[in-house]
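J.: Model the structure of this input:
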Amino acid sequence: MPNTPEDANVTTAPAGAFSPFGHVAFALLWTATLISNVGTWMHDVGAGWLMTTLNPSPAVVTLVQAATTLPVFLFALFAGTLADRLDKRRMLITINIIATCVAVLLTVIVWQEAMTPVLLILFTFAMGTGAAFMAPAWQAVVPQLVPREKLKPAIALNSMGINISRAIGPALAGLLIASVGLAAPFALNAASHLVIILALVLWKPPVADKSRYHGPILGDMATGLRHVRYNDALKETAYRSMAFFIFASAYWSLLPLIARQAEGGGSELYGILMALIGTGAVTGALLLPRLAKKISSDTTVRAGTVGTMIALCAMAVSATPNALMLAAFLGGLSWIAVLTSFNVSAQMALPDWVRARGLAVFLMVFFGSMATGSIIWGQVANASSVQVALLIATVGLGLGIVVTRKFKVGKGETSDLAPASVWPEAPSLNPGQATHQKAMVTVEYQVAEAQRDAFLEKLHTFARERYRDGATRWFVHESVETPGTWVETFHLPSWSEHLEQHERVTRDDADLQSELRAFDTRASGPVVRHFVSAASGE
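T.: The predicted structure follows:
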């Protein structure tokens, strides 16, 4: 699943690990999502194992994982933009209805034994596309369910729920495949979507304030991308994520083959390994609140990466079921430590107005890395062996730690991104001027020569805020006639976008702006002027 901001000066006790369950909406959607995710994991296990019966080539088997993750990379930004524009609840209900229909059709084809490798990949891609459109909206919903001080434990509980389902779903899928048939996991996945639809129908969120303006959807997507480009905390999280997931994807994509090649391996062992990954992840989720009090998110990611390296290496050098089970448990434990840290870091780096789009970019990095890695490791295993692919991925994880060491996870956790509401109301347009016309704003400063360098340094830092909040271009010029007079200029796609910009300034941005205004030597402060383009120039 994807705030009630508190005053920055108020100190509150850390929220308990299970405190979000005190909020009925969170508990309802968490439970429904748990059941739905059990179905999803059953589908993933069923699809992976079905492909090994249709075509056991590593290059083909890993395409199942790629087809699951690639749609998120392709569609997440568009989906996130929709989620920032539409009613998230209605959007999620609609997508789940469509996903239910696709899952039912898939079940019928498998039951009729009419499935082919190409058809399975297409169905998997379709299910992945549904997940791509749901993921940004789910993640963006979390701050609507709990207050800000409980956001961290809420994200951790969501991750724990996913991994509880991972512990139940694969084991149940393995048993059903062996006892009932390959169609059974797909049938239960279709039924699980009905549960999430019912929960969404029962959930009655408060009516959110509607944005006064939505530009063209491509323009809104570009605004989201600009925000991410100038959001250092989110970018550094994304870089670290990429370095981890490309290599960690090796054991996810190759696990069906690892289980098949093990001593006495089969669908039952595959289900057990998947269940142990989930069990390890649940264990990690329970330990994370205590761990978070002692070490930073950045250190947690490094420790989880080392644990993943050990798990990959163990899977490569041993084919005994017991060793593989221990490696799977450690892999799940390490996975949840890394994934939860990345999720919290991304959530805390984003203000509400662009949350779904920002999370969509993070999801694109996550799933794009997983899809790319799956294809790479399938080809490497096909050209050499599964064991060689796992060992190369282990080395890659170690190199990733070294290469990305300057990027920090969790930089946004101390930020106050609540709306500041400090800008005065914008002037009204004159007759003949329209809200869709392009806008330009200038801010004139009078700065003492002794403060010149300090002022420019602070101003260029603040320019990143202009871009994060919607500006497309930004300039600063000094007057030739009156040295010390500086004019900051920034452009926006429309006057309506500038009105939205007034609502986007965070408390951290307001503090930085106050520091900047202090450089102006006039008692009245900087002079702000607004312009719109001529209608004939549109």
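J.: Now do the lowest-mean-pLDDT helix or strand in the chain: which elements does it pack against?
T.: Every helix and strand in the chain was compared by mean pLDDT, DSSP states H and E; the lowest is helix 151-179, with a mean of 75. Contact partners of helix 151-179 among helices and strands, from 3 or more Cβ pairs under 8 Å, 6 or more residues apart in numbering; DSSP states H and E: helix 24-54, helix 117-145, helix 183-202, helix 267-292, helix 321-348. From N, CA and C alone the C-beta is placed, and that goes for glycine too.
J.: Of these, which is nearest Ala534?
T.: For those, the distance to Ala534 is smallest for helix 117-145, at 37.5 Å, taking Cβ to Cβ.
J.: Now do the buried residues in the closest one.
T.: For helix 117-145, the neighbour count (16 or more other Cβ atoms under 10 Å) marks 117, 120-121, 123-145 as buried.
J.: any chance you could map the helices in the stretch 401-538 of the chain?
T.: 452-468, 495-504, 507-517 (DSSP state H, counting those that start in this stretch).
J.: Nearest to Lys152, out of those?
T.: helix 507-517 (18.4 Å).
J.: Check what contacts that closest one and list those residues.
T.: 8, 415-420, 422, 455, 458-459, 461-462, 465, 469, 505, 525-526 (Cβ atoms under 8 Å, 6 or more residues apart in numbering).
J.: With stretch 260-272 instead?
T.: Taking Cβ under 8 Å, 6+ apart as the rule, stretch 260-272 contacts 45, 48-49, 52, 56, 170-175, 177-178, 255-256, 258-259, 319-321, 324-325, 386.
J.: for stretch 467-483, same thing?
T.: 223, 226-227, 229-231, 449, 456, 459-460, 463, 466, 484-493, 497-498, 500-501, 504-505, 509.
J.: Now which of those residues would you call buried?
T.: 223, 226-227, 230-231, 459, 463, 466, 486-493, 497-498, 500-501, 504-505, 509.
J.: Can I get the helices and strands packed on helix 151-179 in CSV including distance to Thr394 and mean pLDDT?
T.: Below are those laid out as CSV (distance: least, Cβ to Cβ, whole Å; pLDDT from 0 to 100):
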stretch, distance to Thr394, mean pLDDT
helix 24-54, 22, 83
helix 117-145, 27, 84
helix 183-202, 31, 88
helix 267-292, 17, 79
helix 321-348, 11, 90
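J.: tell me the most buried of the ones you listed?
T.: Highest mean neighbour count among those (mean count of other Cβ atoms under 10 Å): helix 321-348, with a mean of 24.
J.: Which strands and helices lie in contact with that helix?
T.: helix 117-145, helix 151-179, helix 232-261, helix 267-292, helix 297-317, helix 355-383.
J.: List the buried residues in the third one.
T.: Along helix 232-261, these residues count as buried under the neighbour rule (16+ other Cβ under 10 Å): 233-260.
J.: and what of the last one?
T.: For helix 355-383, burial by neighbour count (16+ other Cβ under 10 Å) applies to 355-378, 380-382.
J.: since we're on Leu218, how many residues are nearby?
T.: 10 (other Cβ atoms under 10 Å).
J.: Let me fix that, I meant to ask about Val480.
T.: 7.
J.: State the distance from it to Met440.
T.: From Val480 across to Met440, the span is 21 Å (Cβ to Cβ, to the nearest Å).
J.: cool, Trp377 as well?
T.: 50 Å.
J.: Ok, Ala59 next?
T.: 54 Å.
J.: cool, and Ser421?
T.: The spacing between Ser421 and Met440, counted by Cβ to Cβ, is 23 Å.
J.: Those two: which is more packed in?
T.: Neighbour count, other Cβ under 10 Å: between Ser421 and Met440, Met440 has more, with 17 against 10.
J.: for the residue nearest to the more buried one when sequence neighbours are not counted, what are its contacts?
T.: What sits nearest to Met440 in space, not counting adjacent residues and going by Cβ to Cβ, 6 or more residues apart in numbering, is Phe531, at 4.3 Å. When contacts are counted by Cβ under 8 Å, 6+ apart, Phe531 touches 439-442.
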